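Engineer: pasting a predicted model and its sequence here:
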Amino acid sequence: MIVLSWNCRGIGHPATVPALCELVRARRPDIVFLFETIVVAARLEVVRIKLKFDYCFAVDCIGYSGGLCVFWNKKASCQVVNYSQNHIDLHIVDDRFTWRLTRFYGIPQRNRRRSSWNLLRSLAKMSILPWLTIGDFNDLLCESDKRGRVQHPRWLFRGFRETMEDCGLSDVFLNGHKFTWSRGGGLILK
């Protein structure tokens, strides 16, 4: 199963949908998650049709920020279990077993990180199914996960690391470019 997760930074931008169509054509994902759609859910039905997916579930943006969406086809056999402004939780029936996929979008404001961590902990307790969670946690596990000279506060490293441990999650090795996004430079593709 191929899952594509993308911070589209506004699906309304004229170049976004054509770029997404090209990604879907090239990668042929079974499931596509978008975040920071910055549109109301109803507008994503047009995108679903262009991408030729059977189903779409979306969470509205609030003002000019946020918005989550997932597209999938019948063969992916997905069921939306729950959602919020910061996640969409799916159960997926594979050929061999049922498992859980959560698209998580961490709260970007540092003073609200504990809310993100608590949401992850509560999601971890909701099911005993094998669980994969992907997304933008807006958090770091260690200093080498970032560029720049400004040190990241230790309490944020510690809090996120403890949350990962509490949830039984582990960081998956990233193959390719170490940084997938840079401030001002956008998405980095190789």
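Structural biologist: Alright, I've got the coordinates. Numbering: from 1, shown residues only.
Engineer: element containing the residue nearest to F104 when sequence neighbours are not counted?
Structural biologist: Nearest residue to F104 in three dimensions, chain neighbours excluded: G135, at 4.1 Å (CB to CB, 6 or more residues apart in numbering). Using the backbone N, CA and C atoms, a C-beta is placed for each residue, glycine as well. G135 belongs to strand 131-136 when assigned by DSSP states H and E.
Engineer: downstream of that strand, the next helix or strand is which one?
Structural biologist: helix 154-167.
Engineer: tell me how far that following helix lies from the chain's centre.
Structural biologist: Taking CA atoms, centre = their mean, to the nearest Å, one finds the center of helix 154-167 at 19 Å from the center of the full chain.
Engineer: with only the CA atoms kept, save that helix in PDB.
Structural biologist: Taking C-alpha atoms only, helix 154-167 is exported to PDB below (Å, rounded to 0.1, in the frame of the first residue of the first chain):
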ATOM      1  CA  ARG A 154      15.200  21.200  25.800                       C
ATOM      2  CA  TRP A 155      11.800  20.900  27.300                       C
ATOM      3  CA  LEU A 156      10.300  20.500  23.800                       C
ATOM      4  CA  PHE A 157      12.800  17.700  22.900                       C
ATOM      5  CA  ARG A 158      12.100  16.000  26.200                       C
ATOM      6  CA  GLY A 159       8.300  16.400  26.000                       C
ATOM      7  CA  PHE A 160       8.000  15.100  22.500                       C
ATOM      8  CA  ARG A 161      10.400  12.200  23.200                       C
ATOM      9  CA  GLU A 162       8.400  11.200  26.300                       C
ATOM     10  CA  THR A 163       5.200  11.400  24.200                       C
ATOM     11  CA  MET A 164       6.600   9.100  21.600                       C
ATOM     12  CA  GLU A 165       7.700   6.600  24.300                       C
ATOM     13  CA  ASP A 166       4.300   6.800  26.000                       C
ATOM     14  CA  CYS A 167       2.600   6.000  22.700                       C
END
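Engineer: what angle sits between it and strand 131-136?
Structural biologist: 150 degrees (axes from the mean of the first three to the mean of the last three CA atoms, to 10 degrees).
Engineer: other SSEs contacting helix 154-167?
Structural biologist: With contacts taken as 3 or more CB pairs under 8 Å, 6 or more residues apart in numbering; DSSP states H and E, helix 154-167 sits against helix 113-124.
Engineer: repeat that with 10 Å
Structural biologist: Judged by 3 or more CB pairs under 10 Å, 6 or more residues apart in numbering; DSSP states H and E, helix 154-167 is in contact with helix 113-124, strand 131-136.
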